[in-house]
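Peer 1: Generate coordinates for the sequence data below:
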Amino acid sequence: MKLRYLFLLPELVLLFFFVFPIFKRICNPGNLAGILVCLFLLFVTLFPQVFAQWIRHLWGHLGGKIGLSVVCVLTAAGLVFSAVMSVQMTRAVLRHPAQPETVVVLGCKVRGTRPSRMLLRRLEAAQKYLEENPEVSCITTGGQGAGEDIPEGQAMKTWLVEHGIAESRITAETTSKDTQENLEHAAAILQEQGLDNRIVIITDGFHQYRASLLAKRAGLESESESAWTNPLYVPTYWVREWMALFQLLVLGHG
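Peer 2: Predicted coordinates for the structure are as follows:
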């Protein structure tokens, strides 16, 4: 009886990781799915007899047997997919540039005219890389979305110039609406400027694997340079990436 309560602490901690971002105005399919799974696990832990009774009742009918079997198969497939994607995502985070290449900073939310916290971390990573590699050019990407007074690409360029990066090294791409367009438009800029199609993508670590797949679609060869992400937000964004990767790799669009 007491042994099952050992599961309560990790379940509650995991629930906290998915709930906390909501108080920071971060609410997406990742934390919503995480909250639902945590609540289900807590229910099973706290009321195992009730859960077992429901399972026995369903299993007593042909439709219930079929439904439970389908759920088990889908759950197993989802766990395998999530595990494989997590390995690939982790590998992408650890794949650092072998040599200096053009930097492409992927867009993220701008509040008014100033970068959001997440975008600020990406810009800090870009600043550090550009200072270490003074011959490298940079493309900042992102159009203007809701609640943004200027395009993300322009806000990023302004911030980098204010923090010591020469304006001549930075090209702002200001019309893209998502990661795919970020990279497609960056590819067009590289071609216009006669630059190589090898790039270093700067974004959050959880985003690097999907970004590398989309870069390949855009005809680019990419390496990763990841920004620091607040650990409290990582589970939410990690789960959201599983969903986005399923959409990209299984459904064929993303």
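
Peer 1: Please report the distance of E221 from L183.
Peer 2: 12 Å (Cβ to Cβ, to the nearest Å). From N, CA and C alone the C-beta is placed, and that goes for glycine too.

Peer 1: Next, show the common contact partners of these two.
Peer 2: A215 (Cβ atoms under 8 Å, 6 or more residues apart in numbering).

Peer 1: Just give the nearest non-adjacent residue to L41, would you?
Peer 2: The spatially closest residue to L41, leaving aside those adjacent along the chain, is E11, at 5.0 Å (Cβ to Cβ, 6 or more residues apart in numbering).

Peer 1: Also E241?
Peer 2: That would be F206: by Cβ to Cβ, 6+ apart, it lies 5.2 Å from E241.

Peer 1: Q127 now?
Peer 2: Nearest non-adjacent residue to Q127, counting by Cβ to Cβ, 6+ apart: H163, 5.4 Å away.

Peer 1: That neighbour contacts A126, doesn't it?
Peer 2: No - with contacts counted by Cβ atoms under 8 Å, H163 stays clear of A126, the gap being 9.6 Å.

Peer 1: Those two: which has the busier surroundings?
Peer 2: Each of H163 and A126 has its neighbours counted (other Cβ atoms under 10 Å); A126 has more, 26 against 13.

Peer 1: Sort out which residues of the host helix or strand of that one are buried, please.
Peer 2: A126 is part of helix 117-132, with elements assigned from DSSP states H and E. For helix 117-132, burial by neighbour count (16 or more other Cβ atoms under 10 Å) applies to M118, L119, R121, R122, L123, E124, A125, A126, Q127, Y129, L130.

Peer 1: As CSV, could you dump the C-alpha coordinates of it?
Peer 2: Output of helix 117-132 as CSV, limited to C-alpha atoms (Å, rounded to 0.1, in the frame of the first residue of the first chain):
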residue,chain,number,x,y,z
ARG,A,117,13.4,36.2,-22.7
MET,A,118,13.7,33.1,-24.9
LEU,A,119,14.7,35.2,-27.9
LEU,A,120,17.2,37.1,-25.8
ARG,A,121,18.9,33.8,-24.9
ARG,A,122,19.2,33.0,-28.6
LEU,A,123,20.7,36.5,-29.3
GLU,A,124,23.2,36.1,-26.5
ALA,A,125,24.3,32.8,-28.0
ALA,A,126,24.5,34.5,-31.4
GLN,A,127,26.5,37.4,-30.0
LYS,A,128,29.0,35.0,-28.4
TYR,A,129,29.4,33.0,-31.6
LEU,A,130,29.9,36.1,-33.7
GLU,A,131,32.4,37.5,-31.4
GLU,A,132,34.4,34.3,-31.4
